[in-house]
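Novice: Sequence and predicted structure below; questions after.
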Amino acid sequence: IGDVTLDAVANQLMSSNRAYRGDFIFNVPEQQLHPGESYRVQLKPSESNNLQGFQFTLQLDPAIAKISDIEYGFAKKENLGTNYFDQGLLTASWNGLANETAPFLTLIIKASQAVNLSEVLKLNSRLTKAEAYDGQGNALRPVLSFGNQDVKTSPELYQNTPNPFSDKTTIGFYLPEKAS
């Protein structure tokens, strides 16, 4: 589950050359967190009607806030990996038809420091490569959008992925629109 185009490399010593065709946005309302308070953090796709699937790692700094519970939306228990939950890491892999009105999931978190949610909640490839696929099989970059923050619209160059067993290095990039 999650390898929609069948080009994943399980050992991650090699990587595929993949350019994203855009962003797949999870809307997350920005919240100011206060010590000792609990918060509901809903991850809701901006659109899910043209989606095959996605996967990623969610990371929450456990020194600042901890996940105390998960409420499932169109995600189910089998779509989430909790092996590194105590380190603030939650992996997700989902494919299928999504309910457009339901969130993917809702995290219940408890803060231990005052901070904005956008400063401590990250979506990345730490354990599971962050990627999504639209209905045509195009790769999309999953991103979190915290309400009033803008989604990046400029080109980005990602960290290189060296391969110790080859003379090749992969450098990922993102272009906000198609170019000819």
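Specialist: Yes, it's here. Since the model is a prediction, treat every value here as computed from it, not as a measurement.
Novice: Quick check: next helix or strand after whichever strand in the chain runs longest?
Specialist: The longest strand of the chain (DSSP state E) is strand 51-60. Per DSSP states H and E, the first helix or strand lying C-terminal to strand 51-60 is strand 65-72.
Novice: just checking, what packs against that next one?
Specialist: Contact here means 3 or more C-beta pairs under 8 Å, 6 or more residues apart in numbering; DSSP states H and E; on that basis strand 65-72 packs against strand 105-111. Backbone N, C-alpha and C define where each C-beta goes, glycine included.
Novice: Could you list the paired strands of the strand it packs on along with their orientation?
Specialist: Strand 105-111 has the following strand partners under DSSP bridges: strand 38-45 (antiparallel), strand 65-72 (antiparallel).
Novice: thinking again about what came up before, buried residues in the longest strand of the chain, which are they?
Specialist: Leu51, Gln52, Gly53, Phe54, Gln55, Phe56, Thr57, Leu58, Gln59, Leu60 (16 or more other C-beta atoms under 10 Å).
Novice: Give me the helices and strands touching it, please.
Specialist: strand 89-95, strand 105-111, strand 121-124, strand 131-134, strand 139-145.
Novice: most packed of those?
Specialist: strand 131-134 (a mean of 22; mean count of other C-beta atoms under 10 Å).
Novice: With only the CA atoms kept, save it in CSV.
Specialist: C-alpha atoms of strand 131-134 as CSV (Å, rounded to 0.1, in the frame of the first residue of the first chain):
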residue,chain,number,x,y,z
GLU,A,131,4.5,11.7,-1.7
ALA,A,132,0.9,11.7,-3.1
TYR,A,133,-0.5,10.7,-6.4
ASP,A,134,-3.4,12.3,-8.3
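Novice: contacts for that strand?
Specialist: Identification of contacts with strand 131-134 by C-beta atoms under 8 Å, 6 or more residues apart in numbering yields 4-5, 18, 20-21, 24, 50-56, 139-142.
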